[in-house]
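Build me a model from this:
(chains A, B and C)
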Amino acid sequence: MSNENTAGVDTDRIKKRLDSRKAKMKLSLAACAHCTLCAESCFLFNARDNDPTYMPSYKFINSIGVLYKKKGVVDRATLEDIRDVVWGRCVLCTRCYCPFGIDIPEMIAFARNICREQGVFPDYEEKGSIHAG
Amino acid sequence: MVKAKRKPLEEIADAISAYGKVLTVGCGGCVSVCLAGGQREVQELNAELELTLKEKGTSKTLGNYTVERQCNMDLLQEMDDMVGGYDCILSMACGAGVQLMAERYPNIPVFPAVNTVFIGVDRDIGMYEEKCRACGECVLAYTGGICPVTRCAKGLFNGPCGGTNNGKCEVSQEIPCAWLDIYERLKGQGRLDDILKLQGVMQWQNQLQRTVVQPKFEKRYYK
Amino acid sequence: MYDFIRGPMVWISLAIFFGGILYQVFRFLALSRTVEEQQIKRPTGLVAEVPPAGTEGFLYALKLSIFRTNPVMVVVTTIFHFCLIMVPLFLLGHNILIERAIGFSLFSFSESFSDFLTWLFLFCGIYFLYRRRFSKRVRAITSRNDYLMLLLATAPFITGFLAYHQILHYNTMIVMHILAGEAMLILAPFTKFVHMVYFFAVRFTVKSEWALGSGNRTW
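Here you go, the predicted model:
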C-alpha cells in the first residue's frame, strides 16, 4: 500500500538495499514451498511449545518477505514488527534446515541489516530484553 | 566467537555411567554456530550414547533440550521445572555455560560434553581458526592486526626471537613466524615505526578470574 | 483449437518448461561461484574418533533427519512427487500419442497401475490440502498462492482421472486435462514450483551443513 505512513523511514534506502541482493532474495522467497519442514530444526521452535511464529520459514517470510513484497515502502511500526521477529525470535545460530537449501539465516541477517540502517534495533539495556541477539 | 569441539564419546559415556536419567542440554550461542553443541549435536550425541549403551547391555533415559544461551542466568531459568526429573546434566555449552548451569543447579551433577578450545573465526563450514586468547590487554593496534599472543609460540611483544628461520617458527617448520607476518603487514601500511617503540611488560590478567563491566554500566556495578 | 492445444501447444509448453529450467539453472550458477577447498594438515597425535557401530546405516541417518520429526509428511511428499513425475511419463495413453507423433516412446505402466498411482497421488494432495487448512504451523505461513499451486499440481491428475473414468463430459474433461497439463509445464519454472530446480541445484552443489554430497559452490 502506498498510502502507508512512512514518516521516519528512508524507503529509498531500503529499496536500494533490497535491490543489492534482489536475485537471491527473490529466488529464496519463490523456492520456499511453505512446507514447514524447517520447523523442528529451530531449537527455539521446540523450546517455545512449537509456536509456529518461531519457524525459520515464518521468520524469513515475515521479515525480508514483507520488505520485498512492499518494495521497501513500509512504516516504522512494520519495521518494529520485523525487529521483533528477526531479533526476538531468532538468535542467528545459523543451523536451520531447509529441504531446498534456502539460506534462511542470511535472509534474517539481511533484514536485521535493513532495520539497523533505519535505526530500528533492540534495546539491550531494557530489562527483559536480555535474550535478544 | 567461542569455538568448541565435542569430547570423545567414551569420555562422555564414562562421566554419566553412574546416572540413570540424563538431560543433554545444547546452547544456541557460539557452540551452535561452530557445530559443536547446538540442538542437532544434542540429538546426535544422544543417538550415539544410546548405541554405546545398547552395546554394553544397559540403557538410560536420555532427555534433550536446547536453550538460547547457557551463559545467561535468565535464559537458564526456563529449565527449572525440567531438571528435577534428571539425575545429571550433560552440558554441550562452552566452559562458561557449563559453570553457570552447575551454579544454577548445585544439587545436580553437571558434566561438560564439549571441550572449549578458543576464540576464533569461521574459516569454512566446520573449520575454525584460533585468533584470540582473551589476554585482556589487546596489542593488535601496533601489531598490524596480527596477534602475537595467539600466533607467536612465545607470545613475544617486541619482535621475533632468535629462532625465527626463513619466515618459520623454531617450534615447527610448518608454523609461519608471527613476527615476520606482523613486519610485512606493517611495512605494507608504512607503519614500521609502530614496532620500534619498546612495549612494556604485559600485565597478564588471565591469571585471576576476571569480570567484564562495560563502561556504561560501571556506575551501576562498581561500588 | 483442439488440434492446436493437443499438437503444437504441447511442444511449446515442453519447450518453455525445459527452457525455464535451464534459465533457472543458469540464474543459480550466475548467483553462485565455486570456492577452493581448504586443506590443512592433521595435527600430530590427533586420532580420528571411531563412531559407535550402527551409525553408518541409512536408518540411523533417517532417525536424525526430518523423518523422525515429520514421518508422515516425508512419506506422503515422497509418494506425491514420485507420482507427479512417473504417472505422466509412463502413462499408456500419453505414450501412444508420443509414439504416433515421433515414432518412439518409453515403456508404459499398465492402466490399472497408473490408475492406482493416480489415486495415491490425489490422496497425497488431499493430505496437503488438509495440512494447509488445519495444521496450525502450516496455516501460519499459508497464502492464497499456496492453494493455487496445489490446484495447479493436481488439476492435470483430477481432470485426467475424470476423463479416463468417463465421469462428467469426456470431451470437456480431456480438453481441460490438456490445458491443465500445459499450464503446469509452462508455469512450473516460474512459480513456487521452482523448488524442483532449487532442490537439486542447491542441496547437491552448495557447501553447507545440510548439503547432499560434497559440493563446493557458495553464494
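
Which residue comes closest to C:Val138 once chain neighbours are left out?
Beyond its immediate neighbours in the sequence, the residue positioned closest to C:Val138 (C-beta to C-beta, 6 or more residues apart in numbering or on different chains) is C:Arg131, lying 4.7 Å away. The C-beta positions use only the backbone N, C-alpha and C, and glycine is treated the same way.

and the one you found, how far is that from C:Glu56?
From C:Arg131 across to C:Glu56, the span is 33 Å (C-beta to C-beta, to the nearest Å).

Neighbour count: these two, which is higher?
It is C:Arg131, of C:Arg131 and C:Glu56, that has more neighbours when counted by other C-beta atoms under 10 Å in any protein chain shown, with 19 against 8.

where along the chain do the helices fall?
The chain I'm using is chain A. Chain-ordered helices for chain A, with DSSP state H as the definition, fall at A:11-20, A:22-31, A:43-47, A:56-61, A:64-69, A:76-86, A:104-117.

nope, chain B please
Under DSSP H, chain B gives helices at B:9-15, B:30-33, B:39-55, B:73-76, B:80-83, B:95-104, B:148-151, B:178-188, B:218-221.

other SSEs contacting the longest one?
Packing partners of helix B:39-55 (3 or more C-beta pairs under 8 Å, 6 or more residues apart in numbering or on different chains; DSSP states H and E): helix B:9-15, strand B:21-27, strand B:61-67.

Looking at these, which is nearest to C:Phe190?
For the helices and strands packed on helix B:39-55, the distance to C:Phe190 is smallest for strand B:61-67, at 38.8 Å, taking C-beta to C-beta.

can that closest one be found next to chain C?
No: counting by C-beta under 8 Å from any C-beta of the partner chain, chain C is not contacted by strand B:61-67; separation bottoms out at 11.9 Å.

Show me what from chain B comes close to chain A.
Counting by C-beta under 8 Å from any C-beta, chain B comes close to chain A at B:26, B:28-29, B:32-33, B:35, B:38-40, B:65-69, B:72, B:74-75, B:78, B:216.

ok, back up a step: which of the helices and strands packed on helix B:39-55 sits most buried?
When those are scored by mean count of other C-beta atoms under 10 Å in any protein chain shown, the highest mean neighbour count falls to strand B:21-27 (a mean of 25).

what mean pLDDT does that strand have?
Along strand B:21-27, the predicted confidence averages to a pLDDT of 96.

so it versus helix B:95-104, what angle?
130 degrees (axes from the mean of the first three to the mean of the last three C-alpha atoms, to 10 degrees).

hmm, back to that, buried deepest among the helices of chain A, which one?
Comparing those by mean neighbour count (mean count of other C-beta under 10 Å), helix A:56-61 comes out on top with a mean of 26.

Which strands or helices does it pack on?
Contacting helix A:56-61 under the criterion 3+ C-beta pairs under 8 Å, 6+ apart are the following elements: helix A:22-31, helix A:104-117.

would you turn the ones you listed into JSON lines with mean pLDDT?
Putting the helices and strands packed on helix A:56-61 into JSON lines (pLDDT from 0 to 100) gives the following:
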{"stretch": "helix A:22-31", "mean pLDDT": "90"}
{"stretch": "helix A:104-117", "mean pLDDT": "91"}
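
The ones you listed: which one's closest to chain B?
Closest of the helices and strands packed on helix A:56-61 to chain B is helix A:104-117, at 9.8 Å (criterion: C-beta to the nearest C-beta).

Which residue, other than its chain neighbours, is closest to B:Pro148?
In space, B:Pro148 comes closest to B:Ala178 once its chain neighbours are excluded; the distance is 5.4 Å by C-beta to C-beta, 6+ apart.

Tell me how many other residues crowd the one you found.
B:Ala178: 23 surrounding residues under other C-beta under 10 Å.

distance of the residue lying closest to C:Ser143 once chain neighbours are set aside from A:Thr53?
Closest residue to C:Ser143 in three dimensions, ignoring its sequence neighbours and counting by C-beta to C-beta, 6+ apart: A:His34, at 7.6 Å. Distance, A:His34 to A:Thr53, using C-beta to C-beta: 14 Å.

Spit out the contact partners of the residue nearest to C:Ser143.
Listed by C-beta atoms under 8 Å, 6 or more residues apart in numbering or on different chains, the contact partners of A:His34 are A:57, A:61, C:138, C:141-143, C:146, C:192.

Show the buried residues in those.
Listed as buried from those are A:57, A:61, C:138, C:141-142, C:146, C:192; burial here means 16 or more other C-beta atoms under 10 Å in any protein chain shown.

Tell me which entries of the residues you listed lie within helices.
A:57, A:61, C:138, C:146.

Any chance of JSON lines for the residues you listed, columns pLDDT?
Shown next, in JSON lines, are those (pLDDT from 0 to 100):
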{"residue": "A:Ser57", "pLDDT": "95"}
{"residue": "A:Ile61", "pLDDT": "94"}
{"residue": "C:Val138", "pLDDT": "93"}
{"residue": "C:Asp146", "pLDDT": "92"}
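
Including distance to B:Thr58, could those residues go into a markdown table?
A markdown table is the format used below for these (distance: C-beta to C-beta, whole Å):
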| residue | distance to B:Thr58 |
| --- | --- |
| A:Ser57 | 40 |
| A:Ile61 | 46 |
| C:Val138 | 41 |
| C:Asp146 | 48 |
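
Looking at these, spot the one nearest chain B.
The shortest separation between chain B and any of those is 16.9 Å, and it belongs to A:Ser57 (by C-beta to the nearest C-beta).

can you pull the contacts of the closest one?
The contact partners of A:Ser57, taken as C-beta under 8 Å, 6+ apart, are A:32, A:34-36, A:38-39, A:98, A:104, C:141.

Centre-most residue in the chain?
Since no chain was named, I'll use chain A. A:Ser63 (2.9 Å; C-alpha atoms, centre = their mean).

wait, chain C
Here the mean C-alpha position of chain C is nearest to the C-alpha of C:His81 (C-alpha atoms, centre = their mean), at a distance of 4.5 Å.

hmm, the strand or helix carrying it in reach of chain B?
Following DSSP states H and E, the helix or strand that holds C:His81 is helix C:71-89. No: when contact is scored as C-beta under 8 Å from any C-beta, no part of helix C:71-89 falls within range of chain B; the minimum is 15.4 Å.

For that helix, which residues meet the burial criterion?
Neighbour-count burial for helix C:71-89 flags C:73-74, C:76-77, C:79-80, C:83-84, C:87-88 (criterion: 16+ other C-beta under 10 Å).

distance between that helix and the chain's centre?
The gap between the average C-alpha position of helix C:71-89 and the chain average comes to 8 Å, counting by C-alpha atoms, centre = their mean, to the nearest Å.
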